[in-house]
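Trainee: Provided below are the primary sequence and the corresponding predicted coordinates.
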Amino acid sequence: MKQKLRSHDWFGKKDKDGIIYRSWMKNQGMPTDMFDGRPVIGICNTFSELTPCNAHFRDHAEAVKRGVLEAGGFPVEFPIMSLGETLLKPTAMLFRNLASMDAEESIRGNPIDGVVLLTGCDKTTPSTVMGASSVGLPTIVVPGGPMLNGKYKGQDIGSGTHVWKFDEDMKTGKMTQEDCEFAESCMSRSIGHCMTMGTASTMAVMVESLGLTLSGASAIPAADSRKKVMAQLSGRRIVDMVRENLTIDKILTKEAFENAIKVNAAVGGSSNFIIHLSAIAGRIGIDLKLEDFDTLGSKIPLLLNLMPSGKYLMEDFYYAGGLPVILNELKEQLHKNVITVTGKNHEENIKGNTDCYNEDVIAKYNAPIQTEAGCVVVKGNLALNGAVMKPSAATPALLKHRGRAVVFESIEDYNKRIDDPGLDIDETCVMVLKYVGPVGYPGMPEVGNMALPKKLLQQGVKDMVRISDGRMSGTAYGTAVLHVSPESAIGGNLALVQNGDMIELDVEQRKLHLDVSDEELEKRRAAWIAPKMAAERGYVNLYIKHVQGADKGADLDFLVGNSGSVVTRDSH
């Protein structure tokens, strides 16, 4: 008996509603036999010219459509809100949950049997996966791909990572404005997202390690013709996934999440991985705790020599063999019984495709670049619910440090005073930035890797301990304690830190301690005044009232879980 598909409840109706559903689709030139019960595949496109990393997705959508048609499916492309990390103010993270709602309701409310997610820029991947997880249809992800390596004056430069370097060089007189403008063009010279192991690349690796992409999809450069081939093959595969009823919840198991955590550590992935994977887990119903990222990932060795933790870029990663090589090196650490979108496990997917072609880019498990690379979780009276760090991007000598706090009460306060020659700060101090968490900013921006004071840069200081309840770009580096929870805007102890307080960081002991007595903290709390709400209306007001803490993925509390795919009422 032929499988009854979800789209039959639209196109298979023999009444007034059926006429409406079919007739208006036919104005696009679709013949009657397109509505004969074949799988309808939604292509969720995050294309936007305001999201430069995703501006090439029109071509990718066409490639996916070819694959869907070849496999006997009915492709329908639809847009959702696109989140451009580089342009969108105050931060794309503020709108990740909104875009996830857009994806969820667009998928659920339309005659779609399976969905292809076209993703690239940082938040477009987690937002669409979150939305798809809350519906539960067969789902496959097609990552948009990284840019080609940046090339500047004979050296490779990485998007994002070199932004921080160029900024420091401008401040210290090593680079002119004209040099910088030339370097901008050299850094972003092709279609695609950041080619460092920033958050966009981390998200691509995340979905491949979770089993949501075809094998090898994450590292292919956007400009490489093989990226379109992967898109076309994904279009073919999603049709078969619908016929097999291989839904997203069958792929996103607890074991798949644990695999992803270990893979992220091995590639030196962004600390943003934690907040996004946590949110996806909340949607699919997986009990994933903040401590799991430390327990599972912190002892995994760094195998990938990519900026910001190393020296190479995503193009080099692809030529060296891509993620299949990493998966093969980690095979004794990973769960092997985890199904992927192919219907097979990772070991079956990568069979015959595990050769490494450059061991300076991808190291062996028993001869790693760094013995312990995954993100760690530190706790103490300054972060009762935890804070995160990325040791592979930090200065080893600062991983155990005690210093005097230099406090910035807001991002405006920081911007106003950081380059003041009279600022009382030296390289032993601990920079503290308040009110940049989910509620406080709002939206938790990537300002946690605060630029150092100009006067210290001129003295040759390269790094300092920095603490905030904000995030850090995956392309960035430095000894930054991030995602401090509870955040300062809701009365977390970070709000109570004062200039001159001593702060102790001990990564080995997983400790972040404010050397102030409980009695003194209570006195300060009694005098503390909560900041005024940043918005009185609209989505931002809704976000502030309902966003969860960073330790839970900063999703909206009413979005946790899922509503399934059933819609019982018609529109006419």
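Mentor: Nice, thanks for sending it over. Numbers count the residues shown, from 1 in each chain.

Trainee: roughly how far does the residue in the chain sticking out farthest from the centre sit from Asp9?
Mentor: Residue farthest from the centre of the chain, counting by C-alpha atoms, centre = their mean, is Asp15 at 44.9 Å. Distance, Asp15 to Asp9, by C-beta to C-beta, to the nearest Å: 12 Å. Just so you know, the C-beta spots here come from the backbone N, C-alpha and C atoms, and that holds for glycine as well.

Trainee: also Leu118?
Mentor: 26 Å.

Trainee: show me which of these two is the more surrounded one.
Mentor: Leu118 (28 against 17; other C-beta atoms under 10 Å).

Trainee: these two touch, right, that one and His60?
Mentor: Yes: Leu118 lies in contact with His60 (C-beta atoms under 8 Å); the separation is 5.6 Å.

Trainee: who touches both of those two?
Mentor: 142, 144 (C-beta atoms under 8 Å, 6 or more residues apart in numbering).

Trainee: the protein: strands as residue ranges?
Mentor: 40-45, 74-79, 114-119, 139-143, 150-152, 155-157, 376-380, 383-389, 400-408, 430-433, 465-468, 480-485, 502-506, 511-514 (DSSP state E).

Trainee: what's the third one packed up against?
Mentor: Spelled out, it's strand 114-119. strand 40-45, helix 57-70, helix 124-133, strand 139-143, helix 199-210, helix 225-244 (3 or more C-beta pairs under 8 Å, 6 or more residues apart in numbering; DSSP states H and E).

Trainee: distance of the closest residue to Asp557 other than its chain neighbours relative to Cys429?
Mentor: Sequence neighbours aside, His546 is the residue nearest to Asp557 in space, at 5.0 Å (criterion: C-beta to C-beta, 6 or more residues apart in numbering). Noted for His546: a distance of 36 Å to Cys429, by C-beta to C-beta.

Trainee: same question, Val376
Mentor: In terms of C-beta to C-beta, Val376 sits 22 Å off from Cys429.

Trainee: between those two, which one's more packed in?
Mentor: Neighbours were counted for Val376 and for Cys429 using other C-beta under 10 Å; Val376 has more, 23 against 20.

Trainee: test my guess that the more buried one contacts Val388.
Mentor: Yes: Val376 lies in contact with Val388 (C-beta under 8 Å); the separation is 7.1 Å.

Trainee: what's the overlap in contacts for those two?
Mentor: Taking C-beta under 8 Å, 6+ apart as the contact criterion, no residue touches both Val376 and Val388.

Trainee: picking that back up, and the residue nearest to Asp557, what is it in contact with?
Mentor: 556-558.

Trainee: kindly export the worst-scoring helix or strand of the chain on mean pLDDT (C-alpha atoms) in PDB.
Mentor: Lowest by mean pLDDT, DSSP states H and E among the helices and strands of the chain is helix 161-171, with a mean of 88. This file holds the C-alpha atoms of helix 161-171, laid out as PDB (Å, rounded to 0.1, in the frame of the first residue of the first chain):
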ATOM      1  CA  THR A 161      40.500  36.100  13.400                       C
ATOM      2  CA  HIS A 162      42.600  38.600  11.500                       C
ATOM      3  CA  VAL A 163      40.000  41.400  12.300                       C
ATOM      4  CA  TRP A 164      41.200  41.400  15.900                       C
ATOM      5  CA  LYS A 165      44.900  41.400  14.700                       C
ATOM      6  CA  PHE A 166      44.300  44.200  12.200                       C
ATOM      7  CA  ASP A 167      42.500  46.200  14.900                       C
ATOM      8  CA  GLU A 168      45.500  45.800  17.300                       C
ATOM      9  CA  ASP A 169      47.900  46.700  14.500                       C
ATOM     10  CA  MET A 170      46.000  49.900  13.700                       C
ATOM     11  CA  LYS A 171      46.000  50.900  17.300                       C
END
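
Trainee: any low-confidence regions in this structure?
Mentor: 1-2 (pLDDT under 70).

Trainee: what's the distance between Val325 and Asp469?
Mentor: As defined by C-beta to C-beta, Val325 lies at a distance of 37 Å from Asp469.

Trainee: what do you get for Ser159?
Mentor: Relative to Asp469, Ser159 is positioned 26 Å away (C-beta to C-beta).

Trainee: got it, and Gly440?
Mentor: From Gly440 to Asp469 the distance is 7 Å (C-beta to C-beta).

Trainee: then Gly120?
Mentor: Using C-beta to C-beta, we find Gly120 at a distance of 28 Å from Asp469.

Trainee: can you check Cys121 too?
Mentor: In terms of C-beta to C-beta, Cys121 sits 24 Å off from Asp469.

Trainee: quick one: which of these two has more around it?
Mentor: Asp469 (32 against 27).

Trainee: can I assume that one is in contact with Ile490?
Mentor: No: counting by C-beta under 8 Å, Asp469 does not reach Ile490; the two are 9.6 Å apart.
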